[in-house]
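Asker: What follows is a predicted protein model with its sequence.
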Amino acid sequence: MNNHRMSYLFVACYAAAAFIAGCIPEDSLQWSQDGSVGLLRIQSSLYLVDGQSGELTEIAQANIAPWPDISRDGNMVAYCQEAESPNLSEGLKVLPEGQVKMIQHWAGQMEKEILNSGGLVDGKFPLPEKGLLVPDDYGNWVIRYMCEKADKDFLNKLGKGEIEKAKQKQLRYMQIIAAPTRAPGEGRVVATSLFKAMATRLSPDGKFVAYLMHTLRGEINNTLEEYGLYVASLDGTVKAMLVSDRVAVSYDWREDGRAIAYMTAGTGYDESLVLGTIQQRTVVDESGNLVKQPVPAYKQGSAGTHTCIAGEKDLAGILFHPWMKVQYGQSGRIFFSSATLSLPLGSMDEPGWSLFCYDSVTRSVANVLPTIASDLVGQNVDVFALSPDGKSVLLPMEKNRFGIYTFSDGTRKVPIEEAEAFGNELGLAPAWKGNNEISGLVAENSHFLVKKGKQKHHRREIVVLGADGKLRQVLSRNWPDDLIP
């Protein structure tokens with residue numbers, strides 16, 4: 001087989017693996033380590049959940065980005081929320097200096113292009129074709145800045161009508177917010193961003209919050225827009241320290257809170273095939289300070305405020321997919337989902353997905369699921385979840401079922417019966433509520449809901465099951481219908 005045909009086969013297998021990969025649901029319910037308090041993100045709103053009663057406490061209504069976080073001790077939450085500035089002047093005050101400089105730079109470029117063209121061409125403002133400010137929401141800042149800061153001669157050339165239309169463009173930005181669970185209304189903004197932000201993760205010591213920030217319009221494998229991984233300090237001294245770019249959605253803090261593990265996309269030999277690596281980077285030194293340096297004063301500005309100066313450590317090579325998950329286990333082990341492809345590769349070979357573990361002591365990678373558990377791995381393996389004590393793993397299956405596999409004794413359990421499977425996409429990922437309970441979404445005909453003599457319950461519900469598969473409570477019993485995925 002020549003190189004071209006082999007490359008084609010390899011790419012075809014990767015494309016098949018990407019096709020069967022599940023999508024991470026944007027709604028989520030996650031718990032503190034002891035399961036006493038939960039954090040529910042549903043319909044772009046955010047709530048605290050009492051682990052005993054299921055009672056809800058609203059934190060924020062609307063515009064909450066996917067995948068907020070609750071601290072391990074349950075004392076803090078962190079999330080990203082879209083906000084709108086009432087005017088340009090106020091907006092520029094809250095954005096990082098480098099992002100303001102970026103807006104100023106491109107506003108100057110736009111003004112020059114309009115002057116050279118003798119006005120707008122086809123009534124359109126000439127937004128940059130490349131770089132970070134391409135999408136319309138970002139470009140609105142450039143247009144507003146140019147129109148509100150330009151001199152009178154330029155504004156006369158542009159025309160009053162165009163200026164008035166430009167001043168109606170919305171100025172949206174993101175706030176990265178940390179709030180104590182005892183007083184969620186007293187949250188503080190620890191960072192702001194002109195660019196989309198999501199997927200917050202609080203450090204174990206509660207001093208820092210990591211988040212993803214949109215960095216390019218381009219997409220990785222036509223699946224997900226590229227995001228960079230950033231860290232901010234909760235005391236407000238550091239707003240956006242870049243850890244790495246082109247990262248997958250999932251990443252995790254090491255137990256000691258000094259390092260982060262993540263997956264990053266490299267460059268493959270075909271646009272459809274993206275090779276990547278699992279990396280670990282020290283972001284906090286032994287004194288508890290971020291390992292950083294200020295971003296240089298680039299002429300065109302910058303998205304971040306600082307960069308991490310510690311070296312990256314490559315742990316394992318992978319076929320990159322943006323939904324892949326990575327999570328620290330006990331003793332520094334790193335668990336991750338990945339496509340399973342063996343070389344040599346035959347023309348009849350088909351890819352699959354499984355759960356792997358990188359051992360920091362032996363520096364080796366192993367598939368941790370034996371045959372007895374391999375059938376539990378469905379298209380949603382990318383939302384696997386280790387129990388807080390690391391002894392068991394939740395393995396989401398197709399049609400909203402899930403399996404529980406215990407590493408120590410090799411036992412498995414599937415609490416939701418096959419007849420109760422529903423949907424083609426994951427409605428809500430199951431989550432550990434402490435070490436011995438699991439929350440998850442069940443169908444109307446679930447035996448956890450239907451009483452004898454009845455055919456089905458009136459709606460789906462979020463229930464809490466024991467690790468033994470038995471019902472503990474119907475958590476969402478008193479919730480409004482619109483809060484059920």
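Answerer: Perfect, thanks for sending it.

Asker: Could you pull out the strands in the stretch 301-450 of the chain for me?
Answerer: Along the stretch 301-450 of the chain, the segments classed as strands by DSSP state E, counting those that start in this stretch run 306-308, 312-319, 326-328, 334-340, 352-359, 364-367, 385-386, 392-396, 402-406, 411-413, 431-432, 437-442.

Asker: Throw those strands into TSV and include mean neighbour count, thanks.
Answerer: Heads up, the C-betas are built off the backbone N, CA and C, glycines and all. Converted to TSV, the strands of the stretch 301-450 of the chain look like this (neighbours: other CB atoms under 10 Å):
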stretch	mean neighbour count
strand 306-308	21
strand 312-319	17
strand 326-328	23
strand 334-340	22
strand 352-359	19
strand 364-367	13
strand 385-386	20
strand 392-396	24
strand 402-406	21
strand 411-413	15
strand 431-432	22
strand 437-442	24
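
Asker: And those: which comes nearest Leu39?
Answerer: Smallest distance to Leu39 across these (CB to CB): 9.9 Å, for strand 431-432.

Asker: end to end, how far does stretch 354-372 reach?
Answerer: 13 Å (CA to CA, to the nearest Å).

Asker: pLDDT value on the residue lying closest to Lys433 once chain neighbours are set aside, please?
Answerer: Nearest non-adjacent residue to Lys433, counting by CB to CB, 6 or more residues apart in numbering: Gly35, 3.7 Å away. Note on Gly35: pLDDT of 97.

Asker: correct me, but Tyr230 touches Val209?
Answerer: No. In terms of CB atoms under 8 Å, Tyr230 does not count as a neighbour of Val209; the distance is 9.4 Å.

Asker: Overlap in contacts, the two.
Answerer: Common contact partners of Tyr230 and Val209 (CB atoms under 8 Å, 6 or more residues apart in numbering): Ala191.

Asker: More neighbours: these two, which one.
Answerer: Higher neighbour count among Tyr230 and Val209: Tyr230, with 29 against 26, using other CB atoms under 10 Å.

Asker: partners of the more buried one in the sheet?
Answerer: Following DSSP bridges, Tyr230 is listed with bridge partners Tyr211, Leu242.

Asker: who touches it in this structure?
Answerer: Neighbours of Tyr230 in contact, by CB under 8 Å, 6+ apart: 191, 210-213, 240-243, 304.

Asker: Kindly indicate the member of these with the most neighbours.
Answerer: Tyr211 (29 neighbours).

Asker: List the residues that contact that residue.
Answerer: Contact analysis of Tyr211 by CB under 8 Å, 6+ apart lists 78, 80, 176, 191, 197-201, 229-232.

Asker: Tabulate those in JSON lines, adding columns for secondary structure and distance to Ser374.
Answerer: Converted to JSON lines, the contacts of Tyr211 look like this (DSSP: H, G, I helix; E, B strand; the rest coil; distance: CB to CB, whole Å):
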{"residue": "Ala78", "secondary structure": "strand", "distance to Ser374": "35"}
{"residue": "Cys80", "secondary structure": "strand", "distance to Ser374": "36"}
{"residue": "Ile176", "secondary structure": "strand", "distance to Ser374": "39"}
{"residue": "Ala191", "secondary structure": "strand", "distance to Ser374": "42"}
{"residue": "Ala197", "secondary structure": "strand", "distance to Ser374": "37"}
{"residue": "Met198", "secondary structure": "strand", "distance to Ser374": "32"}
{"residue": "Ala199", "secondary structure": "strand", "distance to Ser374": "29"}
{"residue": "Thr200", "secondary structure": "strand", "distance to Ser374": "33"}
{"residue": "Arg201", "secondary structure": "strand", "distance to Ser374": "29"}
{"residue": "Leu229", "secondary structure": "strand", "distance to Ser374": "31"}
{"residue": "Tyr230", "secondary structure": "strand", "distance to Ser374": "37"}
{"residue": "Val231", "secondary structure": "strand", "distance to Ser374": "36"}
{"residue": "Ala232", "secondary structure": "strand", "distance to Ser374": "40"}
